[in-house]
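# Kindly return the folded structure for what I paste below:
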Amino acid sequence: MTARMDKRFADLRAENRPALITYLMGGDPDFETSLNIMKALPAAGSDVIELGMPFSDPMADGPAVQLAGQRALKGGQTLKTTLALATEFRKQDDATPIVLMGYYNPIYIYGVEKFLDDVLASGIDGLIVVDLPPEMDDELCVPALNRGINFIRLATPTTDEKRLPAVLKNTSGFVYYVSMNGITGSALPDPSTISGAVARIKAHTGLPVCVGFGIKTADHAHAIGAVADGVVVGSVIVNQIAGSLTKDGKATNDTVPSVTTLVKGLSTGVRASRLAAAE
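Numbers count the residues shown, from 1 in each chain. Next up, the predicted model:
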């Protein structure tokens, strides 16, 4: 499935614009609403979808994503039904890459071989598993790559020149640069600092470098898109979903449209970023 991801980034290069990568938690607040949001994302401007696997102990997630995972788990979401979201999405969209993002524990319990079989069957293109370092590549990364599934690694401000080659060794699809240390949903750092970090990573790889953490507005997306190959947006989307729910956490008529409107705005910022950079 690496072909779908490679084609998407090749098309974006031809258009001279960065990708908008949107994150949502699978099953938040329920399966049907989550699927409807997922289906609406490409038309709103999302180029790649990150689909979160809810987990009870998400150590790298900020409060917004943690709460989204709790809502999904409360609604009965499992790894199997998260894979089912991708299967349903693929019935209408065979072009938008899907990256499954989460932690290794649910995958280990599911069974690595069965998981990879089902990932391929559901039309998922890549994996981000935040708690599997390069030293554990034989656990999941190498088997995934052998099946044509992208394994996307995170680089951070503390990933130095000595560590970076190990991080990039088995990375494919794109590199996800986490623009700050800490948990998701934090404040946005200076774009000039990010520009230097992106250039440093690009000196080691020909893969696209996409930047996430702290991007909340079209202006943020515009600024980051000018210096990166992709802009990853997560917490603000999760917060938008949360803000649209009833007091007991149920979806409303505003849930899907409010997310669509937000993503359209972010997409406008991303699409304008290269035009501004070229002027």
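# so how far does stretch 52-60 reach from one end to the other?
End-to-end distance for stretch 52-60: 13 Å, by CA to CA, to the nearest Å.
# Return the mean pLDDT over that stretch, rounded to an integer.
Mean pLDDT, stretch 52-60: 86.
# in that stretch, what counts as buried?
Residues of stretch 52-60 classed as buried by neighbour count (16 or more other CB atoms under 10 Å): 52, 53, 54, 55, 58. Yep, even glycine has a C-beta here, placed from its N, CA and C like the rest.
# Please name the residues that touch residue 77.
By CB atoms under 8 Å, 6 or more residues apart in numbering, the residues touching residue 77 are 26, 27, 28, 31, 34, 54.
# Residue 150 touches residue 125, doesn't it?
Yes - using CB atoms under 8 Å, residue 150 is in contact with residue 125, at 5.8 Å.
# Would you mind listing the residues touching both of the two?
Counting by CB under 8 Å, 6+ apart, the residues touching both residue 150 and residue 125 are 1, 2, 5, 99, 173.
# Can you list the low-confidence ranges for the stretch 51-200 of the chain?
181-189 (pLDDT under 70).
# Strands of that one, start to end?
For the stretch 51-200 of the chain, the strands defined by DSSP state E, counting those that start in this stretch occupy 98-102, 126-129, 150-151, 154-155, 175-178.
# re earlier: need the max-distance pair from the shared contacts of residue 150 and residue 125.
Farthest-apart pair in the shared contacts of residue 150 and residue 125 is 2 and 99; separation 11.7 Å (CB to CB).
# So which of these two has more stuff around it?
Higher neighbour count among residue 2 and residue 99: residue 99, with 25 against 17, using other CB atoms under 10 Å.
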